[in-house]
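A.B. asks: model the structure of this input:
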Amino acid sequence: MKENNKKKNLILLLLVLTTLLFSCGTPSLPEGFDSTEVENRTKQIIEVINTKEYDQIHSLIREDLQPVITPKQLEEGWAPMLDSAGDFVEIDEIVLSSERGEKDVVYAVAILKCIYENENHIFTFYFDEDMELAGLYMK
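C.D. replies: Numbers count the residues shown, from 1 in each chain. Got it, this is the predicted structure:
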């Protein structure tokens with residue numbers, strides 16, 4: 001029961017963070033971010049995600065945010081979707097934008113449409129000013 005509540009709280013936290021980040025966005029990258037660097041970083045992250053090595057995926061998250069989610073929770077949430085998707089084919093599109101979070105922290109946001117053998121998935125990555133992964137989401 002306690003683990004169920006943790007999962008529900010985690011999902012709620014991710015939804016709230018996503019809502020907060022999307023509610024204040026602008027259509028371009030924030031000042032100081034390089035679009036090529038952001039795109040290259042997103043491609044590297046997708047490569048790791050497609051290995052399904054959840055410890056490795058978890059290690060990509062900014063260190064102070066790692067306690068929010070465990071590799072096991074990532075696996076429980078993502079493995080069913082990635083397994084049913086089949087083999088990765090390509091990144092179809094990358095859209096870059098800016099989102100303002102708490103305390104006026106500005107994030108570079110990359111939204112990727114990825115094509116898989118059986119279905120497509122959308123990934124959203126949030127990068128802080130040091131290009132560290134401050135959030136990730138898959139649907």
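A.B. asks: now do the same contact list for Trp78.
C.D. replies: Trp78 sits next to Ile49, Tyr54, Met138 when contact means CB atoms under 8 Å, 6 or more residues apart in numbering. For glycine as for every other residue, the C-beta is placed from the backbone atoms N, C-alpha and C.
A.B. asks: make it 7 Å
C.D. replies: Residues near Trp78 by CB atoms under 7 Å, 6 or more residues apart in numbering: Met138.
A.B. asks: next SSE after the helix or strand hosting it?
C.D. replies: Assigned by DSSP states H and E, Trp78 belongs to helix 71-85. Downstream of helix 71-85, the next assigned helix or strand under DSSP H and E is strand 88-100.
A.B. asks: circling back to that earlier point, can you give me the buried ones in the helix holding Trp78?
C.D. replies: Pro71, Gln73, Leu74, Glu75, Gly77, Trp78, Leu82, Ala85 (16 or more other CB atoms under 10 Å).
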